[in-house]
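pasting a predicted model and its sequence here:
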Amino acid sequence: MLRSNPCRFESGPGHNQTLREPFLRKTDISAKKGDIARALKVDRSYISNIENMTTEKQTPLDRLNYSGEIGAVINRLAGVYKIGSPTNFSVIGVGYEDCNVVIETPSGKYVAKIFSKDRNSEAIIRYSIIMEKAVEVGINHPPLIKTADGRVVYSDGEANDISMVLMKFVDGQTFLELDRAPDEEEEKAVVEQAVKVNGIDYHPPYLLDSWAIPNIKAMFERTKQFIQSQDIQLIKQAMTQYAEIPVNNLPHCFVHGDFTKANIMKGNDGKIYVLDFSVANWYPRIQELAVIAANLLHEENSSQTLRNRTERVSEMYDKLTPLTPDEKKHLYAYALAGVAMEFMGGHQEKFIKGNATEETEYWLNLGRSGLRKELSEK
């Protein structure tokens, strides 16, 4: 998901912590609904639903089944993975999955993914297998670090058995940080990585991802009470088109599922890196292309439409691995549903989970503008 300046924990004696949360804001629910409605130019029924939202903001550390000293966990992790004593570490302060920590030691820079309390042992094993397989098939992914006894996953018995993996830190910037879509050569490299991902020979146990396009009906029922009436009509149009897709008959394969600007990085070495396989599943193959078209290739001020982008990514992918006629036919509707899911997912995070952050506003604005551009002008 969206990354920015991390919430930083400066390490020192006793690991005294100084936390900065630039994007975690509280919503003033006590303000008059009429005043809010006028300020935001939305109807009162939309504002009335804010009363039921969670207002206590969650940080990445709140996702862990552990509330103790995080510095002690980082020290033990460094010892188990034999990377040297940490000189500094910082928690990446945004995103909705797990808790990611950047660690610096004399031997280099690393990223620890500490799994959230929502992941059981089976889900953690699943994720570690996926990362290992991604590296095995040559996908550009941060190299995994193993413990002294050859394990990928480490569980800290002194911290409620929270589990984690460690990777080398790769210098570069995501396309979200670059604030642009990939250029033509980078697009080709992205699609090459997507083909490799879709070729992974692993059918993982199903993992529910509420943001995934096939869950569009459930997401709509969960969030419709928080969405403005004019936007509801746009979402319904997208859902109608998606309902005409013979989803079960499309070719299925291993899919990363989140090829967004936040998860695709341009390394300082010039390579395109694929990050965060946390929502990978066995899906219709065109789901990968739909997300690429809807998010990664999106440029706010570009004249390129979503249909233009789906045609472009379809052509590039088809040159490397042929797509079926049905995949080409239905990719646009699938991608349009992806735009609707971005919009509804933002509502879920803001009004149901209480993540009223700049990251959430990004998803809300991206989805809203995408739907209006594709459907309001027709």
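Sure thing, it's come through.

what about the helices in the stretch 51-200 of the chain?
Taking DSSP state H, counting those that start in this stretch, the helices of the stretch 51-200 of the chain run over residues 70-81, 121-136, 175-178, 184-198.

so which of these comes closest to E342?
Of all these, helix 175-178 sits nearest to E342, with 13.2 Å by CB to CB. C-betas here are computed from N, CA, C, even on glycine.

got the buried residues for the closest one?
By 16 or more other CB atoms under 10 Å, the buried positions in helix 175-178 come out as 175-176.

any idea of the mean pLDDT in that helix?
Helix 175-178 carries an average pLDDT of 94.

what's the answer for stretch 308-327, then?
98.

buried sites along that stretch?
Of all the residues in stretch 308-327, those buried under the rule 16+ other CB under 10 Å are 309-314, 316-317, 323, 327.

quick one: A148 from K82, how far?
Taking CB to CB, to the nearest Å as the measure, A148 falls 6 Å from K82.

hmm, I was thinking of N75
For N75, the distance to K82 - CB to CB - is 13 Å.

neighbour-wise, which of these two wins?
N75 (16 against 11; other CB atoms under 10 Å).

grab the nearest non-local neighbour of that one.
With sequence-adjacent residues excluded and distances taken as CB to CB, 6 or more residues apart in numbering, N75 is closest to P86, at 6.5 Å.

list just the nearest of the buried residues of stretch 308-327 to V102.
Of the buried residues of stretch 308-327, the one sitting nearest to V102 (CB to CB) turns out to be V313, at 31.3 Å.

check contacts around the closest one.
Going by CB atoms under 8 Å, 6 or more residues apart in numbering, V313 touches 187, 191, 289, 292-293, 297.

check these and tell me the two furthest apart.
For those, the farthest-apart pair by CB to CB is E187 and L289; their separation is 11.8 Å.

picking that back up, the helices of the stretch 51-200 of the chain: which one's closest to G370?
G370 lies closest to helix 175-178 among these, at 15.6 Å (CB to CB).

which strands and helices sit next to that closest one?
Helix 175-178 sits against strand 264-267, with contacts defined as 3 or more CB pairs under 8 Å, 6 or more residues apart in numbering; DSSP states H and E.

where in the stretch 201-350 of the chain is pLDDT low?
Within the stretch 201-350 of the chain, no stretch has pLDDT under 70.

and the strands in it?
Per DSSP state E, counting those that start in this stretch, the stretch 201-350 of the chain carries strands over the ranges 252-255, 264-267, 272-274, 281-284.

once you drop chain neighbours, what's closest to I162?
Spatially, and ignoring its direct neighbours in sequence, I162 is nearest to Y66 (4.9 Å; CB to CB, 6+ apart).

residues touching the one you found, list them.
Neighbouring residues of Y66 by CB under 8 Å, 6+ apart: 73, 159-160, 162.

nearest to V279, of these?
Of all those, V279 sits closest to I162, with 20.2 Å by CB to CB.

got a list of what the closest one touches?
Counting by CB under 8 Å, 6+ apart, I162 has contacts 64-66, 73, 114-115, 117, 155-156.

now F115: how far from I125?
11 Å.

between these two, which one's more packed in?
Between F115 and I125, counted using other CB under 10 Å, the more crowded position is F115 (25 against 15).

the residue nearest to N75 contacts P106, doesn't it?
No. In this structure, P86 is not within contact of P106 by CB atoms under 8 Å, at 9.5 Å.

those two: which has the busier surroundings?
Neighbour comparison, P86 and P106: the larger count goes to P86, with 20 against 9 (by other CB under 10 Å).

that one: what's it in contact with?
Going by CB under 8 Å, 6+ apart, P86 touches 11, 74-75, 78, 103-105.

alright, calling it a day.
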